[in-house]
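J.: Provided below are the primary sequence and the corresponding predicted coordinates.
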Amino acid sequence: MSHETVVARLKAEAKPWPRGNRYEDFSPGRDFAHHWGRTVTEADNTLFSILTLNYNPQYTNAEIARANGHPTTPVNPLLVFNTVFGLSVEDLSEGGGPFLGVEDCEYLAPVFPGDTLTARSRVIDARESDKRPAFGIVTWATQGFNQRGEEVIRFRRTNLVRKRA
């Protein structure tokens, strides 16, 4: 069988595989333990701080961080937020739909280079959208933890989420 024949057959037999959960998958109280986590490095922290124009020296200067009572430079809190948020996307919002916002974000403990962040979320509200019948509105409470199981961040976020039908 020629390469072209195999490719044509594979294309003909291929079926779309939709990614992500849909509105119907999010009943209040459902918990998600998000995938394996992410170790944040010093390079991540420095690059993120510089690229986002956050020149607070505490995040890029170990001497200033130590003078402020830290053992080394803490990780920029916005990077902590973005990392934990990113860990949740595959389970919560990968199916598509506009992001509607974050509320009640709390930074609970400093994160340092070398810490591994993990995340879990719980559905706290799900309702039909009045204006967009093909979508529902879902709110999740997300928590981020370091490798010692200490909660380092928590927040609530809301998305418009596609329905299946």
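T.: In hand now; what should we look at? This is a predicted model, so every value here is computed, not measured.

J.: Poorly predicted segments of this structure, please.
T.: Judged by pLDDT under 70, the chain has no weakly predicted residues.

J.: For Glu128, which non-adjacent residue is spatially closest?
T.: For Glu128, ignoring the flanking residues on the chain, the nearest one in space by C-beta to C-beta, 6 or more residues apart in numbering is Gly136 at 5.5 Å. C-beta coordinates here come from the backbone N, C-alpha and C atoms, glycine included.

J.: Spell out, range by range, the helices that occur in this protein.
T.: All helices of the chain, identified by DSSP state H, fall at 3-13, 42-51, 62-67, 77-92.

J.: All the strands of the protein, residue numbers only.
T.: Here the chain has its strands, by DSSP state E, at 31-33, 38-39, 99-107, 116-128, 135-145, 151-162.

J.: So which of these is the most surrounded?
T.: Most buried of those by mean neighbour count (mean count of other C-beta atoms under 10 Å) is strand 135-145; its value is a mean of 21.

J.: Which neighbouring elements make contact with it?
T.: Helices and strands touching strand 135-145, by 3 or more C-beta pairs under 8 Å, 6 or more residues apart in numbering; DSSP states H and E, are helix 77-92, strand 116-128, strand 151-162.

J.: Next, the angle strand 116-128 makes with the shortest one.
T.: Read that as strand 151-162. Angle between the axes of strand 151-162 and strand 116-128 is 40 degrees (criterion: axes from the mean of the first three to the mean of the last three C-alpha atoms, to 10 degrees).
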